[in-house]
Structures are given as structure tokens and as C-alpha cells.
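Participant: When you get a sec, could you give me coordinates for this:
(one chain, ligands or ions: 1)
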Amino acid sequence: MKAPPRLFVEDALCADQKLILDREASHYVQNVMRRRVGDALRLFNGRDGEWLAHIESAERKTAQLRVTSQSRPMVGVPDLFLLFAPVKKARSEFIIEKATELGARTVQPVITMRTIAKPLRDERMALISREAAEQTERLDLPTILPHAPLENVLKDWDENRLLFFCDEEGAGAGENKESQVSPLRQCLQDLKREAPDVLAKSAILIGPEGGFAPQERDALRQLRGVRAVTLGPRILRADTAAVAAMSVWQSVCGDW
Ligand code: SAH
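Facilitator: Below you'll find the predicted structure:
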């Protein structure tokens, strides 16, 4: 039998806990998931692991659940941040969804010099990541920070968090061989061998459709704790680059 559907709730979860669903969650459970009184659900809140529950009573605009037992203890995702410059709406939404599936702990949209896309609304980003987390079986939600200028984010940067700056010009395909940097996978593997602890807190930075401006590239490369890396000889779209970079990070030093 298929496992019961998963629902994110804010409430604390423990055995025998009673839970009242608000109108929106109740609509989702009854009309979207088509669950009835007596049916089972799985609940998670980002803190207490995953719990089984069943619907004890249901009305049109509300439903009452009873929590029974824990089905999975709490495990978090590795400490990986994704910083991305907003791109076209559907692609930014894709980035948030995939970052959630790929286990980003925090997502920080950053406004760069060549960012032209309008930022997504905070509520929209929260909804996308919640739905992706429900679907992908993770036990927490990523923290989605409000959009901020890249400059400000870098000014307050925690130097103990290594920032992998995905530089589309890093492969040095053009005349500028000076700017050659190592591929992300190689950089991670070298660090893992030499100083694995520094990878415990990492971040990936992906630019907008127009790429990074030369000033940004220079500023980034001069910062301590920033490593410029490439994702190979082909220029990827920002959404592809985000998925590719996170996949490489998870497979070399994350939880894959
Ligand atoms: N218009 C730019 C490309 C931007 S691609 C140009 O033609 O130069 C969007 C973002 O994806 C880039 O800013 C970078 O962060 C990332 N990216 C895409 N391909 C990449 C690659 N081969 N190596 C490193 N980063 C890449």
C-alpha cells in the first residue's frame, strides 16, 4: 500500500497529540488528498521527525487529527546554502523547488548587478518549498531568506562558510587563461582530502541569465572563504547550474 500522504504542520508533534487543521490545510487534506475520517497521514514540523496521525473528525472548513506514533526520528539536511540571482519566474520557482529536493538548508536569493528579473514574493517561495519538502520526504523545510543585494550578503558573510562561486568564465574558454579555475568536483575533492572540516558549512552561488559583472567577479575572487569554480566547458542556464552544482556538492561531501 502507498505510504500515507505527508503534511507539514507548525504544531509540536508527540504521541496522542490532538491537532486542529486550519482552513487551508483542511481543504488540502479533504479535497486535494481526498482523505476521510479514519484515514492516516504523516506529519512533520521540521523539529520532531515524522509522525503518523489519523483524521479523527472533519467538517467543511476544519479537521481534527490525532497523532499516534513517530515513524521517523528527526534528521536534518547537510549545512549547504544556495545563493541564486532571480531569473524568470518559472525558472526561479524551479530553482527553489529543486534546492528543496536536493537538500539545501537555506536558500538566499541575491540581487546582482545584472539581475533583471522581478523577485518572487516571499509567500510564493515559502509555498513552493513547503510543497517540495512534503513531496520529497525531507523532515525540515529550507529557510528561504528574503531577497538581498549580493553586496550586502557578502559584507555580512560568515567566513567559516565556504562559498563556491560558480563562475561561467572560469573555464577560461576565451582569451583570458588567467581566469582559469578548477571544476567544482575537483575543488571539493581536494578540500575533502586536505581539510574536510571546512566543507561542513558550504554555500553555492549562481548568477543571473546575464552572468556576473567583471567588478563582481573581482570582488568575489578577493574575498576570503570564496572559491571560484567551474561547472565544465558548457555555459548552463542558471536553473541547470543550480541543480548541477548542488548535485555535485551532495555527492562529494553531502549525504548522497
Ligand atoms: N550569460 C552568461 C551566462 C550566465 S549562466 C554568459 O553567457 O556568460 C548563469 C549562471 O550559471 C552563471 O552566472 C554561473 O553562476 C552559472 N554557470 C553556468 N554555466 C557555468 C559553468 N560552465 N561554470 C560555472 N558556472 C556556470
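
Participant: Which residues are in contact with the residue of the chain at minimum distance from the ligand?
Facilitator: Closest approach between the chain and the ligand, counting by C-beta to the nearest ligand atom: residue 207, at 2.4 Å. Glycine gets a C-beta too; all of them are placed from N, C-alpha and C. Contacts for residue 207 (C-beta atoms under 8 Å, 6 or more residues apart in numbering) come out as 85, 112, 114, 166, 168, 238.

Participant: Among those residues, name the least confidently predicted one.
Facilitator: Across the set of the contacts of residue 207, residue 168 stands lowest in pLDDT, at 93.

Participant: Could you report the neighbour count for it?
Facilitator: 18 (other C-beta atoms under 10 Å).

Participant: which of the contacts of residue 207 are buried?
Facilitator: Neighbour counting over the contacts of residue 207 (16 or more other C-beta atoms under 10 Å) leaves 85, 112, 166, 168, 238 as the buried ones.

Participant: So, low pLDDT: which residues of the stretch 101-250 of the chain?
Facilitator: Counting by pLDDT under 70, the stretch 101-250 of the chain shows low-confidence ranges at 171-179.

Participant: rewinding a little: return only those of the buried ones among the contacts of residue 207 found close to the ligand.
Facilitator: When contact is defined as C-beta under 6 Å from any ligand atom, the buried ones among the contacts of residue 207 meet the ligand at 166, 168, 238.

Participant: so residue 56 sits right up against residue 62, yeah?
Facilitator: No: with contacts counted by C-beta atoms under 8 Å, residue 56 stays clear of residue 62, the gap being 11.5 Å.

Participant: what about the host helix or strand of residue 219 and the ligand, touching?
Facilitator: Using DSSP states H and E, residue 219 sits within helix 214-222. No: Helix 214-222 stays clear of the ligand (C-beta under 6 Å from any ligand atom), getting no nearer than 9.5 Å.

Participant: mind listing what's buried in that helix?
Facilitator: For helix 214-222, by 16+ other C-beta under 10 Å, it's 216-217, 220.

Participant: distance between stretch 194-202 and the chain's centre?
Facilitator: Here the centre of stretch 194-202 is set off from its chain's centre by 19 Å, with C-alpha atoms, centre = their mean, to the nearest Å.

Participant: Please report phi then psi for residue 54.
Facilitator: The phi/psi pair for residue 54 (degrees, to the nearest 10) reads phi -130, psi 160.

Participant: the strands in the stretch 1-150 of the chain, which residues?
Facilitator: For the stretch 1-150 of the chain, the strands defined by DSSP state E, counting those that start in this stretch cover 6-8, 18-21, 40-44, 50-58, 63-72, 80-84, 106-111, 143-144, 148-149.

Participant: just checking, what packs against the second one?
Facilitator: Put plainly, it is strand 18-21. In terms of contacts (3 or more C-beta pairs under 8 Å, 6 or more residues apart in numbering; DSSP states H and E), strand 18-21 is packed against strand 63-72.

Participant: hey, C-alpha coordinates of the strand it packs on in CSV?
Facilitator: Below are the C-alpha coordinates for strand 63-72, written out as CSV (Å, rounded to 0.1, in the frame of the first residue of the first chain):
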residue,chain,number,x,y,z
ALA,A,63,-10.4,18.8,10.5
GLN,A,64,-9.1,17.3,13.7
LEU,A,65,-6.2,14.9,13.7
ARG,A,66,-4.8,12.6,16.4
VAL,A,67,-1.1,11.9,16.4
THR,A,68,-0.2,8.2,17.1
SER,A,69,3.4,7.3,16.8
GLN,A,70,6.7,8.5,15.4
SER,A,71,7.5,7.0,12.1
ARG,A,72,11.0,8.6,11.6
